[in-house]
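1. got a predicted model here, sequence first, then my questions.
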Amino acid sequence: MMEIAIIGAGMAGLTLARELKDCASITIFEKSRGYGGRMATRQRGDFQFDHGAQFFTAKTPPFRKFLKPFIDQGTVARWDARFVEMDRNVVTDSRQWDDEYPHYVAQPGMNALCESMAQSLNIKLETRVVRIEKQSDRWQLLDGHGNHLAEVDWVITAIPAGQADELLPAGCSFKQELNEKPMLGCYSLMLGFEQPLSLPWDAALVKNADISWVCNNHTKPGRPEKPTLLVHATNRWAEENMELDDAAVIAHLQQETAAVTGMDLEHAVHTDLHRWRYANISKQWGDRSCLDTHMQLGAIGDWCVKGRIESAFQSGMHLAKQLRELI
C-alpha cells in the first residue's frame, strides 16, 4: 500500500487519515502529548479549561453527518449558552443558544472529539518532525536530533501554514500560497475560582476592548462544577504583544476582563496563560487544500478555508478525495 505521513493530529489530519485508512498505510506524527491541536483542553487540579476553540457549529450536511455518531454516543453535546454581545462593558444583544442554530462542544473537554477520532489510527505522539528529505523517490522524516522517523511516499502537513512553510522544501508548488496565508496569534487567560461567579451570562463576544471572548467554561456540558473563566485576547492585541512576558500579559488581560465584566478577579485561586502563535485566520480564497502531485506533498488545515473546526474537516475531506484518485 502507498505509505503516507500526516504531520499533525488535529481535526484536519485525523479527518484525512480516517478517510484514507482503507486504501493507504498512514502514520500520523504529533509533536504534542495529545490530540486535537487547537481543540485543546487543560486540566489543573479541579479546574478545567477549553483554552483553544470554544465551540463549533455545523453548517454543511457532510459535517452534520460526520457529527451524528459522536452526538449519539455523547462525545459531542449541544451547548445552550446564555450568550451576549458587548461593546466593551455594555451588553448590546443577548440570546439563548438553542436547537434552531446549534452550538456544539465535545465533552468532557474539547479535545475529546479528536481523541475519539484517533481510535484505531497509527499515531506517534510527542514526535516532532523537523526536516523532510527526498531520497530514492521517497521522503525521509527526521527529528531535531537527525534521527530517522519514517520513510514514506507522501507527506501531508496538517499544521498551521507558517509551520508547514518552514518544513516543506523550496521546490514545493504551493509554497507561495503558504506565505500568503498568515495566521493571527491569540492569548488564552484561564482563571479558576472557589466561589460561584455572579455573571448573568455564560459567554460573551466583546468589541472595543483588548479581549474578544469571555466565558464561564464550567457551564459547558460535561464540565467539572468548579467555576472557571476563559478569556481570549483579540488577535490584534496578541499580535502586537506576542513577545511580552507572561506576567505582563496576565496583568493586562485581567485588567481588561475586570473592566468588561465588572468582576473583582483578585479572588481567583488559579491563574494560567497560553500563548497561541497560530490561532485564527479570516475567510480565505482558493482551494480547500494544497497538493503537489509531482513532489507528492500536500497541506491541509482550517487556514485553507476559515478559522473554524468545520473548515478543518472540509480541508481534510477535500484532500482525501483528491488522494483517493491518485493512490
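-> Arrived safely, thanks for sending.

2. give me the mean pLDDT for stretch 113-123.
-> Across stretch 113-123, pLDDT averages out at 97.

3. how about stretch 76-85?
-> Stretch 76-85 comes out at a mean pLDDT of 98.

4. for it, C-alpha coordinates in CSV please.
-> What follows is stretch 76-85, C-alpha atoms only, in CSV (Å, rounded to 0.1, in the frame of the first residue of the first chain):
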residue,chain,number,x,y,z
VAL,A,76,-20.4,15.8,21.3
ALA,A,77,-23.2,17.8,23.0
ARG,A,78,-25.2,21.0,22.4
TRP,A,79,-24.2,24.0,24.4
ASP,A,80,-27.3,26.1,25.1
ALA,A,81,-25.4,29.0,26.4
ARG,A,82,-26.8,32.3,27.6
PHE,A,83,-24.9,34.4,25.0
VAL,A,84,-24.3,38.2,24.9
GLU,A,85,-22.6,40.6,22.7
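
5. what comes into contact with that stretch?
-> Stretch 76-85 has contacts (C-beta atoms under 8 Å, 6 or more residues apart in numbering) with 55, 67, 70-71, 91-99, 102-107, 113, 200-205, 207, 215, 219-222. The way it works is simple: take the backbone N, C-alpha and C, and place the C-beta from them, glycine included.

6. now with 6 Å, please.
-> 55, 67, 70, 91-98, 102-107, 201-205, 220-221 (C-beta atoms under 6 Å, 6 or more residues apart in numbering).

7. list the contacts of His294.
-> By C-beta under 6 Å, 6+ apart, His294 has no neighbours at all.

8. measure it to Gln314 for me?
-> As defined by C-beta to C-beta, to the nearest Å, His294 lies at a distance of 25 Å from Gln314.

9. try Val231
-> Counting by C-beta to C-beta, the gap from Val231 to Gln314 is 29 Å.

10. now Pro62
-> Counting by C-beta to C-beta, the gap from Pro62 to Gln314 is 8 Å.

11. over to Lys220?
-> Applying C-beta to C-beta, the value for Lys220 to Gln314 is 24 Å.

12. check Leu205 too.
-> 24 Å.

13. ok, these two, which is more surrounded?
-> Gln314 (25 against 15; other C-beta atoms under 10 Å).

14. what about Asp245, how many neighbours?
-> Counted with other C-beta under 10 Å, Asp245 comes out at 9.

15. what of Glu166?
-> 13.

16. list the residues that contact it.
-> By C-beta under 6 Å, 6+ apart, no residues touch Glu166.

17. and it, which of the three is it?
-> Under DSSP: H, G, I helix; E, B strand; the rest coil, Glu166 falls in the helix class.

18. do the same with Ile28
-> strand.

19. tell me the pLDDT at it?
-> If you check Ile28, the pLDDT there is 98.

20. got it, and Glu256?
-> 98.

21. what's the answer for the one 4 residues further on, then?
-> According to the model's per-residue confidence, Val260 sits at a pLDDT of 98.

22. pretty sure it contacts Val91?
-> No. Applying C-beta atoms under 6 Å, one finds Val260 not in contact with Val91, separated by 10.4 Å.

23. more crowded one of the two?
-> Neighbours per residue (other C-beta under 10 Å) separate Val260 from Val91, with Val260 holding more: 21 against 12.

24. name the helices or strands packed onto the helix or strand hosting the more buried one?
-> Per DSSP states H and E: Val260 is located in helix 246-261. Applying 3 or more C-beta pairs under 6 Å, 6 or more residues apart in numbering; DSSP states H and E, one finds that helix 246-261 contacts strand 228-233.

25. hmm, who's touching the helix or strand that the strand it packs on is followed by?
-> Past strand 228-233, further along toward the C-terminus, the next helix or strand under DSSP H and E is helix 235-240. With C-beta under 6 Å, 6+ apart as the test, helix 235-240 has contacts from Leu184, Gly185, Cys186, Tyr187, Asp210, Asn280.

26. show me which of these is closest to Met1.
-> Of all the contacts of helix 235-240, Asn280 has the smallest distance to Met1: 36.5 Å, by C-beta to C-beta.

27. so what's that closest one closest to, chain neighbours aside?
-> In space, and not counting its chain neighbours, Asn280 is closest to Gly307: 4.1 Å by C-beta to C-beta, 6 or more residues apart in numbering.

28. that neighbour: how many residues sit nearby?
-> 21.

29. go ahead and confirm it touches Ala279.
-> No. If you go by C-beta under 6 Å, Gly307 and Ala279 don't touch, sitting 7.5 Å apart.

30. so what sits against both of those two?
-> What both Gly307 and Ala279 touch, as defined by C-beta under 6 Å, 6+ apart, is an empty set.
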